Every structure is written in structure tokens, then in C-alpha cells.
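# predicted structure and sequence below. I'll ask about it afterward.
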Amino acid sequence: NPDLTISLSCAAALLRQAKNDGLNLDGIQVVELDSAAFDATPSLNQKMIAGEKIDTQHIDTHLKKAFEKVSEPDVVITYENATHWLKSVFPNAVFLHETFGAFSRAPFAVFESFNPCEPLWGSFQSKFAKELKAEKLSDEEADVLRKFRRQSMKSLAELTPFKQTISAWYDEYDSVCLLACQVDDYFAFTACSEYQTQEDLVRYALEHTPSNIALVVTEHAYSRSLSDGIVEELSKKYHNFKYLSDNIPSISQFLVPYIDGVISVSSSLAYQAALWRKPFFAIGRSHVDIFCTADTFEQFNQQVINQEFINQDGMLYHLLSAVHLSHKFELFDGEALYKRLSNLYQAIKAKGITYDLFKRKSVGHMHKVLIQDNRLGILRGEMKKADVPLTTDHFRVALCTGIDAVSFDLFDTLAERDFIDPWELFSFIEPE
């Protein structure tokens, strides 16, 4: 679009790396930022999001000088960054905070979110939680979500590496719960909870999880948070602590359909808990609080023990259809993305940030996004590359193939056997 002016701002080190990687920045005005101006204040993002009063005059001075040759933009897009300080430089611009959306890992389609409100707990879906929770589905929309759920289950069941492991957990415990570690010293974790490390979070969860519930802990793909020594200590102290450190792609999402509850601070696994209708407990405050199904840990544990199914389909579908964007069909379609951003800008300038800022897309479009963009092939390639032994869950695969009914031939002696030898039964009933 020749009428569109694009400026890019980032740290100088990142820009050097991008150029070394061959990123084409022709026609884009680039503003290099000095990281030292931001690093002078430890945990800056966390403190800004938490609403702490901080002296940012040195940052304002640096930014005004860095952007002195940049005309004030209509829209500022920031990626996983609070950027409160930019608002003092561009007070009239519309700010959109971009992050990954509801799903991002294969076999699911990849989504992106442009949040016009504050990051994390100040996000659009936190601000309008009441309206989102009241959303309902038409029969056609419910059918699309049902097909998406069935297809996703089939994809995960075909490649699950945990069939025998999960079965062993249920032989030993009444229920199973998942806590997926995030990343230490990252604002989306630290700014959302009182805990500074994943270890602190895991210890808190173990202290509040009854011994008859297995607490499965997985690591984030980007970094390992629990050392061998910590794992050994926790395993000795809590027999229901089940740690999975295997280098398995998308390790947590293989587990969610099979277990009874999910715990997190701000992980997108909250969306998967909603997809599989599992109880979800949010520790802290973030944009995924809307999926929290209990007010206290005790209430959550009871939901897990009861293996409750919790229907949040209306809210989940509305977020997927209205608020979040498909990478394949919307984000990477330049014309569609430009139209989306233009409409957001015009609507916000005209009415401010209102709930009807985002509209649901057609059922046909959502069928294309959710069903046709299934990435099972990518997940299969990742599993093969990681050399992960697979144990296909044939039963769940069969249930997801569109069959109407499943019949079972159950031998009565499997349910109850009152006689050691079968012939004794005849001696017992002969007098009758």
C-alpha cells in the first residue's frame, strides 16, 4: 500500500541480528532504541503493568530524541510489551498490544490477538469478562466447535506419547491435574502473580493439592525452570508430584484432554482447558482469568475430584471468531490485516473501546479457520524429529471418526465373580 507509512522500533542488538538473518527492511523507517535506557530500571515491564509509580523521565527523554524524525502514527502495535512510555510520546495514537492468541502450537491453527486495552489483566477480555461469559452459540456455531474439538482430539490421540503413563497415574490416584511451568523473569508471569519463579509456584500448588490428586508438572519449551535437585527434593516430599521433563513437542497439550484440571498464571493452556471443558484455576491476575472456574483452590480441587465438565463454549467461540485472528487466513493476508487494523482504528477513534468493537465472523469462515487449518502434519514431523515413541489411543481415534455408537461385549465375570470355578455356579443354582 503506497499510502501506508511503516516505522519499526526495536533494540539496536535485535536490529543487528535481524539484518544478519537477512530480514528485508526496505521502505521501512527504522528507529534504534538503546536498551540501557530501559535496563536502568529493573523489572520495568512488571512494575509498569502493576501500576507502580516509577520515574521514567530518562526513558521519555531517550524516546523523544529517538522518534524526533518520526511523524505521529495513527496506530502503534507493540508485541508482548507494555510500552506505557510510548503513550507519552504519541498521546493521540491508538495502541494495540499484539500477542499470540488462543492457540499457537500444532495440531491447532495459530491465532494472534490485537488487544486495544492494557496488557494482561487489563486486556479487552478482562475488561469485558461479564459480556464474554454471557455469549451463546447458534446451532451452526456449536456444530463447528464440536467438529473442531473432535478433530483436535483425533489428532492428539493419534500421536499421544502418554497413554500408558496416564493410565498408571489413574491406577494410583483418584484424579490428575496439570501445572505447566512458564518462564522465569518474564513479565507475563512475574507481573501477574506474587511468585518470582516457577519453583515458588510449583511449591505453592503442591501445598494446596490433596494427596489423592496427582499434580503433573511440565516445563516450558523455551527453558527449564526446575533443577534435578529440586525435582528430587519435591518427589521425596510429595509423592503426588509427577514431573515430566521429556523433550516432547507440545507436551502439555497432549495431557489436557485426558486429565481433570489445569492450573496456570497466564498460560494459553487456559483456552485448551476451556476447549476440553476442564476446570481451570488461575493463580494471580491475567487475561486468562475469565476461564477460571473456582474462587478458591479448595473449590477447584473439588471440581477436579468430581471430574466436572464445565461448558464455556460460548465465550471460547466468541474469542476465536471475533477477537483473535487466524495466522493463515487473516494475519498473513496483507489486505485482510490492513482492513482489520483500519476498522479498529476508525471504530476506536469514533466510539472508544466498546464491547462491540469485535464482530463474529461467518460460520463458513470459522469452519475454514478451525477445521481446514489443522496442522497434524506439522506435529507429526516434530514428533518424528524429536524421536518420540508414540502410543496411539485407538479408542479415542475411533470415537472421533464420526461414528454414531460404540458397542461393548462385556463378560459378566469382568464385573463380578463370586465363584472360583465356573461349574460352581451350576451347583449353586441347581436347587432352584
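Sure thing, it's come through.
# tell me the secondary structure for Asp184?
coil (DSSP: H, G, I helix; E, B strand; the rest coil).
# so where do the strands sit in this protein?
7-11, 29-33, 75-79, 94-100, 111-115, 175-180, 213-218, 241-244, 261-264, 280-282, 324-326 (DSSP state E).
# closest one to Asp393 among those?
strand 175-180 (15.5 Å; C-beta to C-beta). For the C-beta atoms, the positions are set from N, CA and C on the backbone; glycine is no exception.
# strand partners of the closest one, parallel vs antiparallel please.
Paired with strand 175-180 in the same sheet, following DSSP bridges, are strand 213-218 (parallel), strand 261-264 (parallel).
# distance from the chain centre to the longest one, please.
Its chain's C-alpha centre and that of strand 213-218 lie 18 Å apart, by C-alpha atoms, centre = their mean, to the nearest Å.
# same deal with the shortest one?
What separates the centre of strand 261-264 from the centre of its chain is 11 Å, taken as C-alpha atoms, centre = their mean.
# end to end on stretch 289-307, go ahead and measure it.
Taking C-alpha to C-alpha, to the nearest Å, stretch 289-307 runs 20 Å from one end to the other.
# buried residues in it?
Asp289, Ile290, Phe291, Cys292, Thr293, Ala294, Phe297, Phe300, Asn301, Gln303, Val304, Ile305 (16 or more other C-beta atoms under 10 Å).
# looking at these, which gets the smallest pLDDT?
Among those, Asp289 carries the weakest pLDDT, at 93.
# relative to Ile283, how far out is that residue?
10 Å (C-beta to C-beta, to the nearest Å).
# need the contact list for the residue nearest to Thr401 when sequence neighbours are not counted.
Closest residue to Thr401 apart from its sequence neighbours, by C-beta to C-beta, 6 or more residues apart in numbering: Lys154 at 7.1 Å. Applying C-beta atoms under 8 Å, 6 or more residues apart in numbering, we find Lys154 in contact with Arg396, Val397, Cys400, Thr401.
# could you measure from the last one over to Asp60?
Translated: Thr401. Where Asp60 is concerned, Thr401 sits at a distance of 60 Å (C-beta to C-beta).
# what do you get for the third one?
With distances defined as C-beta to C-beta, the gap from Cys400 to Asp60 amounts to 55 Å.
# kindly report the same for Val369.
For Val369, the distance to Asp60 equals 41 Å [C-beta to C-beta].
# again, but for Arg277
Counting by C-beta to C-beta - Arg277 and Asp60 are separated by 47 Å.
# cool, and Ala188?
When Ala188 is compared with Asp60 (using C-beta to C-beta), they lie 24 Å apart.
# more neighbours: which of the two?
Ala188 (20 against 15; other C-beta atoms under 10 Å).
# surely the more buried one and Ser266 touch.
Yes. Shown here, Ala188 and Ser266 form a contact pair, counting by C-beta atoms under 8 Å, at 5.1 Å.
# intersection of neighbour lists for these two?
Leu120, Gln182, Ser286.
# turn these into JSON lines, including pLDDT and distance to Ser175.
Below are the shared contacts of Ala188 and Ser266 laid out as JSON lines (pLDDT from 0 to 100; distance: C-beta to C-beta, whole Å):
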{"residue": "Leu120", "pLDDT": "83", "distance to Ser175": "30"}
{"residue": "Gln182", "pLDDT": "94", "distance to Ser175": "23"}
{"residue": "Ser286", "pLDDT": "91", "distance to Ser175": "25"}
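# could you dump those residues into CSV and include distance to Lys339 and neighbour count?
Putting the shared contacts of Ala188 and Ser266 into CSV (distance: C-beta to C-beta, whole Å; neighbours: other C-beta atoms under 10 Å) gives the following:
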residue, distance to Lys339, neighbour count
Leu120, 27, 25
Gln182, 34, 22
Ser286, 30, 25
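# for Ala415, state which of those residues is nearest.
Using C-beta to C-beta, these come closest to Ala415 at Gln182, 44.4 Å.
# give me the number of residues near the spatially closest residue to the closest one that is not a sequence neighbour?
Using C-beta to C-beta, 6+ apart and skipping the chain neighbours, the partner closest in space to Gln182 is Phe189 (4.6 Å). Per other C-beta under 10 Å, the neighbour tally for Phe189 reads 25.
# correct me if wrong: Phe189 contacts Ser266.
Yes. Judged on C-beta under 8 Å, Phe189 makes contact with Ser266 at a distance of 6.4 Å.
# give me the common contacts of those two.
When contacts are counted by C-beta under 8 Å, 6+ apart, Phe189 and Ser266 are jointly contacted by Gln182.
# Leu226 and Val202 touch, don't they?
Yes. Using C-beta under 8 Å, Leu226 makes contact with Val202 at a distance of 6.8 Å.
# looking at the two, which is more packed in?
Val202 (24 against 19).
# worst-scoring helix or strand of this protein, pLDDT-wise?
Counting by mean pLDDT, DSSP states H and E, the chain has its least confident helix or strand at helix 44-49, which shows a mean of 65.
# all helices for the stretch 51-200 of the chain, in order.
57-66, 86-89, 124-127, 129-133, 139-159, 163-172, 187-190, 198-207 (DSSP state H, counting those that start in this stretch).
# how about these in CSV, adding mean pLDDT?
Output for the helices of the stretch 51-200 of the chain, formatted as CSV (pLDDT from 0 to 100):
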stretch, mean pLDDT
helix 57-66, 86
helix 86-89, 84
helix 124-127, 94
helix 129-133, 97
helix 139-159, 96
helix 163-172, 94
helix 187-190, 83
helix 198-207, 97
